[in-house]
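Asker: Below is the sequence, then the predicted model.
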Amino acid sequence: MKYKKEIKKAFEVSIPVMMGYSVLGFAFGLLLLSFDYDWYLAPLMSLFIYAGALQFVAISFFNVKAGFVDIAIASFFVNIRQSFYGLSLLKRFKKTGKLKPYLIFGLTDETYALLTTIKDDEQLKKRWYYFFLTAFNQSYWFIGSTLGAIVGTNIKFDTAGLEFSLTALFVVLCIEQYKNLQNITPFVIGLIASLFSLIFIPSDKMLIVSIIIALIMMFTFRKKIEND
Amino acid sequence: MTNYEIYIAIAVMTIVNIITRAFPFLFFRKNELPSYISFIEKFFPAIIMTILIVYSVKDVDFSLFPYGLKELGAIAFTAILHIILKNYLVSIFAGTIFYMFLVQYL
């Protein structure tokens, strides 16, 4: 196989996401079916929309027969945080050529977290490694949501707590980020911003408010951060 | 919604989602990036990772018993394991199993 090394590394790195996405995707498929929508909408949405939070919100759009303009505006605010992700990847994606559109399309929280944290292996053809990592992650979401929509209602097993694998992934990547940076200030800023939003902001707006507060703090303390 | 309306809704969400993800790539095409972009590039991942940890436990009610201690305990367990063993698969698997045990049996 031509890109065996890249596929192997991408698969290894993506395993924690597999645990999280398959369960959350399954939950999504199950929820969609519980409102009597056609099962194939689950794979369709996971293939084209591919944004976890937005897909869950989409079910309520369908239920309340929301207008398309309302849907567009609401979707924009659910996903606006993703606009900041690309800023850390401009350089990295520069030489990815024809794969670039898919890499950008597949930029979820988790894929972004892995791409910016796991050290690049010099041996690998990076753009293909990025591609397989992104595609593996989407396939877990796709397969999970499809299974949830097809077999979900007939299967009973206790996966309670398995979604913690994504929290655990972020914890581990946070530690790895600290090893790279050796600078505690960005983590303190992230913690202050997110705890503030957790307490004072409704949970559907928490993420974007946290990011805005963090960006303001980041530029306020720019000198301190860069000199640490 | 009818199925036809749902297809349009899916198309709308797909387009908006792509726009939010593609935004920086469309607006920063020059070779020399402004210094504030390099600043964000370097430090934003650390910030967002911290925010995502807190975000992922947002639905926990910290005012009710056991006050989010299961989540905090599992986060601490995962972190300590990772600092000691430095193997991220082991940390994530063991942390998740530890958390599943806490929510299913306690």
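Answerer: Noted; the coordinates are in hand.

Asker: OK, contacts around the residue most central in space within chain A?
Answerer: Among the residues of chain A, the one closest to the centroid is residue A:109, at 2.5 Å (Cα atoms, centre = their mean). Residues in contact with residue A:109, defined by Cβ atoms under 8 Å, 6 or more residues apart in numbering or on different chains, are A:52, B:48, B:52. From N, CA and C alone the C-beta is placed, and that goes for glycine too.

Asker: again with residue A:208
Answerer: Counting by Cβ under 8 Å, 6+ apart, residue A:208 has contacts A:77, A:80-81.

Asker: Pick out whichever of these sits closest to chain B.
Answerer: Of all these, the one sitting nearest chain B is residue A:80; the distance, using Cβ to the nearest Cβ, is 5.8 Å.

Asker: Mind telling me what element the closest residue to chain B within chain A is part of?
Answerer: Of all residues in chain A, residue A:190 sits closest to chain B, with a separation of 2.9 Å (Cβ to the nearest Cβ). In the assignment (DSSP states H and E), residue A:190 maps to helix A:185-200.

Asker: What residues of whatever helix or strand comes next after that helix count as buried?
Answerer: Using DSSP H and E, the helix or strand that follows helix A:185-200 towards the C-terminus is helix A:206-220. Applying a neighbour-count criterion of 16 or more other Cβ atoms under 10 Å in any protein chain shown, one finds A:206-211, A:213-215, A:217-218 buried in helix A:206-220.

Asker: what number of residues lie near residue A:103?
Answerer: 23 (other Cβ atoms under 10 Å in any protein chain shown).

Asker: starting at the chain centroid, how far to stretch A:205-221?
Answerer: 18 Å (Cα atoms, centre = their mean, to the nearest Å).

Asker: isn't the residue of chain A closest to chain B right next to residue B:45, touching?
Answerer: No: judged on Cβ atoms under 8 Å, residue A:190 makes no contact with residue B:45 at a distance of 10.0 Å.

Asker: so what sits against both of those two?
Answerer: Here residue A:190 and residue B:45 share no contacting residue, scored by Cβ under 8 Å, 6+ apart.

Asker: between these two, which one's more packed in?
Answerer: Per other Cβ under 10 Å, whichever of residue A:190 and residue B:45 has more neighbours is residue A:190, with 29 against 25.

Asker: ok, and the closest non-adjacent residue to that one?
Answerer: Nearest non-adjacent residue to residue A:190, counting by Cβ to Cβ, 6 or more residues apart in numbering or on different chains: residue B:50, 2.9 Å away.

Asker: just checking, that neighbour touches residue A:174?
Answerer: Yes: shown here, residue B:50 and residue A:174 form a contact pair, counting by Cβ under 8 Å, at 5.9 Å.

Asker: Looking at those two, which one has more neighbours?
Answerer: residue B:50 (27 against 24).

Asker: Centre of the chain to the helix or strand the more buried one falls within, how far?
Answerer: For residue B:50, the element it lies in under DSSP H and E is helix B:35-56. Remark: helix B:35-56 is offset 11 Å from the chain centroid, using Cα atoms, centre = their mean.

Asker: cool, stretch A:12-27 as well?
Answerer: Relative to its chain's centre, stretch A:12-27 lies at 11 Å (Cα atoms, centre = their mean).

Asker: wait, what's in contact with residue 93?
Answerer: Went with chain A since none was named. Contacts for residue A:93 (Cβ under 8 Å, 6+ apart) come out as A:86, A:100, A:103-104, A:130, B:25.

Asker: wrong one, chain B
Answerer: A:19, A:165.

Asker: follow-up on the earlier one: what about the contacts of residue A:208, which are in helices?
Answerer: Members of the contacts of residue A:208 lying in helices (criterion: DSSP state H): residue A:77.

Asker: What segments of chain B are helices?
Answerer: Using DSSP H, the helices of chain B run over B:3-27, B:35-56, B:69-85, B:88-105.

Asker: Which helix runs longest in chain A?
Answerer: Criterion DSSP H: the longest helix present in chain A is helix A:4-34.

Asker: Do it and chain B come into contact?
Answerer: Yes: using Cβ under 8 Å from any Cβ of the partner chain, we find that helix A:4-34 touches chain B at A:12, A:15-16, A:19.

Asker: ranking those by neighbours, who comes first?
Answerer: For these, the largest number of neighbours (other Cβ under 10 Å) sits with residue A:16, at 25 neighbours.

Asker: Mind putting the buried residues of helix A:206-220 into CSV with pLDDT?
Answerer: Formatted as CSV, the buried residues of helix A:206-220 follow (pLDDT from 0 to 100):
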residue, pLDDT
A:206, 88
A:207, 85
A:208, 87
A:209, 92
A:210, 93
A:211, 91
A:213, 96
A:214, 95
A:215, 94
A:217, 97
A:218, 95
